[in-house]
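# Generate a structure from the sequence data that follows.
(chains A and B)
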Amino acid sequence: MRLEMAAFPVKEVRLGNQITYQNGILKIDKKELLSLVLEDKRVASADLDAASPGEKTRIAHVRDAVEPRVKVSGPGCVFPGILGPVETVGEGRTHRLSGMTVMASAEYRPTILNGTAAKNAGIVDMWGPASKITPYGTTINVVLTLDLVDGVTELEAHATIQMAEFKVAHRLAQTTRDQIPDSIEVFELSDVAPSLPRIVYIVTFLADQNNPHSGEAYYGLPVRESLPTFMHPNEILDGAVTADARQGGGIHTTTWMWMNQPVILDLLRRHGKELNFLGVIFQRTRFETDFGKQVTATCSSQLARLLKADGAIITRTSTSGNNFIDVMLTVQACEQKGIKVVFMTPEWGGKEGTELPLAFYVPGAKSMVSTGSFERDIKVPAPSKVIGAGDLRRVELYPDDPPFSAWDEHTLPSWFLFTGGVDWFGVMNTTCTTY
Amino acid sequence: MPVGVITAMTMLSKQLGANRVVTGTKIPHPCGDPNLSPEADKSLRREIVNTALKSIQTEVKGPTVFVPTVTYTTG
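Model (predicted):
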């Protein structure tokens, strides 16, 4: 499977009367894009704006983000199972508008008012301290603002928000279809020298099977009571993994992040040079019994062994302590099968870093990389402009949190209030050290 | 005073040093199983609580897990 990823870097976004891409400038016809979104009768009203790095702009009620990509040759489409038929992707050529996102800010009347199944949102600052803790402070964000009609179910709300952002992203990427890209990167798991170490990537994610959407979807299907699945990394770059578009809080992984998954990209780039990248084990975690946790750990480690892996990188995607046990047991099961593991995770540890950093540990976890803490306070100044759906003077991020005005300066108690604020994959440059 | 903790996360309780750990059904419902009929659920609950009562009458040296007879309907 050979995938050519052709990049069209976006340096500036301008609102205008047509959709064009030229010399790094993406012009956007707001009217055309909004008419696409308003085809869905579940969207009551919609608007569109753009925010660039350095502007004193705050984006509120962020639910998800996505990178504009379009398949120009090869089977299937970007976001298979959602924008087109379920067909294995990861081959041919995909065009991407890099350095930007289509970000969905949405409001709707919820039917689930509390708990992990409820909607949540993040905020994004384009300047100041909060712009440095997430990837979205340095991307140009085309923000789609959506208000949904009353009476949508939670799953419909997800589907509506997701379809709106996907359609807009797809339409924008279409403009590059006949153009020559700035650069092309080829991703392929070709045969390599047998002396190179065989590395598998175990990407664990939390799937809450009782929620309307489990959190992460495989080819559009929310993953529920499932055992680990083996994937080619190129499938993920083509949008085979997507997120719940109702949950944009910092503990959640956006669809944009899955498409730009830094561990996958780095392993692909080192394939054939420093290592032999075997592929991705996509592992659902947060089983509700120790028994289930042991089953998933056994299954993942056995897949890795059957692939003859010498080593595994393991990451996770949730602050859940419950899920942490599944992941640690997977680390242990791999080590017991003779597979060396590097486990990458942010830490708990409290505001001062003096509390317990990990909820559970196993003797087999010998090599870990810390991607930082997310429990520190962060002071953010008042913006000059706020973009977003709903009442921006009463922004609610998580259910039962006291609402606050997006227009004010605040000291917020955790980085996970920002979309992308928890660094699951080591994409930012924070870490924890002992001193 | 002897204490028995009923939990579905036995490994975690053991690691934290609980002396008597009784394996519960599932994290959201450690003392029963909504997938069962009311009669079967009642007998499961009785089995778990009886195991807990037995645990606090047992002398232990350090964290010990007491396992009731449970048939898991899901993971």
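
# Kindly report the residues of chain B close to chain A.
B:8-12, B:15, B:23, B:25-28, B:72, B:74-75 (CB under 8 Å from any CB of the partner chain). Glycine gets a C-beta too; all of them are placed from N, C-alpha and C.

# any idea which of those residues is closest to chain A?
residue B:75 (2.6 Å; CB to the nearest CB).

# The closest one: neighbour count?
17 (other CB atoms under 10 Å in any protein chain shown).

# Same check on residue B:36?
For residue B:36, using other CB under 10 Å, the count is 16.

# what does the helix or strand containing residue B:46 rub up against?
Assigned by DSSP states H and E, residue B:46 belongs to helix B:38-55. Helix B:38-55 is touched from outside by B:2, B:4, B:6, B:20, B:22, B:24-25, B:30-34, B:36, B:64, B:66-70, with contacts defined as CB atoms under 8 Å, 6 or more residues apart in numbering or on different chains.

# Name only those of the residues you listed that count as buried.
B:4, B:6, B:20, B:22, B:24-25, B:30-33, B:36, B:64, B:66, B:68, B:70 (16 or more other CB atoms under 10 Å in any protein chain shown).

# show me where pLDDT drops low in the chain?
Answering for chain A, as no chain was given. For chain A, applying pLDDT under 70 flags the ranges A:432, A:435.

# got the residues of it near chain B?
A:210, A:225, A:287-293, A:295-296, A:322, A:325, A:329, A:359-361.

# Contacts made by the helix or strand of chain B with the lowest mean pLDDT with the rest, please.
In chain B, no helix or strand scores lower on mean pLDDT, DSSP states H and E than helix B:10-15, which sits at a mean of 94. The contact list for helix B:10-15, computed with CB under 8 Å, 6+ apart, reads A:290, A:325, A:329, A:359-361, B:5, B:7, B:21, B:23, B:63, B:65.

# right, and the helix or strand after it?
strand B:20-23.

# Which member of the buried ones among the contacts of helix B:38-55 is positioned nearest chain A?
residue B:25 (7.3 Å).

# Check the gap between the closest residue in space to that closest one that isn't next to it in sequence and residue A:382 for me.
Nearest non-adjacent residue to residue B:25, counting by CB to CB, 6 or more residues apart in numbering or on different chains: residue B:33, 5.0 Å away. Relative to residue A:382, residue B:33 is positioned 52 Å away (criterion: CB to CB, to the nearest Å).

# repeat for residue A:24
31 Å.

# can you check residue A:213 too?
34 Å.

# These two: who's more crowded?
Between residue A:213 and residue A:382, residue A:213 has the larger neighbour count (other CB under 10 Å), namely 24 against 14.

# got a list of what the closest residue to that one other than its chain neighbours touches?
Counting by CB to CB, 6+ apart, residue A:213 lies nearest to residue A:244, which is 4.1 Å off, once chain neighbours are set aside. Residue A:244 sits next to A:64, A:158, A:211, A:213-217, A:222, A:252 when contact means CB under 8 Å, 6+ apart.

# Please identify, among the residues you listed, the one with the most neighbours.
Neighbour-wise, the contacts of residue A:244 (other CB under 10 Å) top out at residue A:64, 33 neighbours.

# Mind checking what helix or strand follows the particular helix or strand that has it in it in sequence?
Under the criterion of DSSP H and E, residue A:64 resides in strand A:57-66. Downstream of strand A:57-66, the first helix or strand assigned by DSSP H and E is strand A:69-73.

# and the next element down the chain from that next one?
Per DSSP H and E, the helix or strand that comes after strand A:69-73 is strand A:92-98.

# thinking again about what came up before, any chance of the contacts of residue A:244 in JSON lines, plus secondary structure?
Formatted as JSON lines, the contacts of residue A:244 follow (DSSP: H, G, I helix; E, B strand; the rest coil):
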{"residue": "A:64", "secondary structure": "strand"}
{"residue": "A:158", "secondary structure": "helix"}
{"residue": "A:211", "secondary structure": "coil"}
{"residue": "A:213", "secondary structure": "coil"}
{"residue": "A:214", "secondary structure": "coil"}
{"residue": "A:215", "secondary structure": "coil"}
{"residue": "A:216", "secondary structure": "strand"}
{"residue": "A:217", "secondary structure": "strand"}
{"residue": "A:222", "secondary structure": "strand"}
{"residue": "A:252", "secondary structure": "coil"}
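
# Okay, helices next: where are they in chain A?
A:30-37, A:154-174, A:233-237, A:255-259, A:262-270, A:290-306, A:321-336 (DSSP state H).

# Show me how far the last one is from its chain's centre.
Relative to the mean C-alpha coordinate of its chain, helix A:321-336 is positioned 22 Å out (CA atoms, centre = their mean, to the nearest Å).
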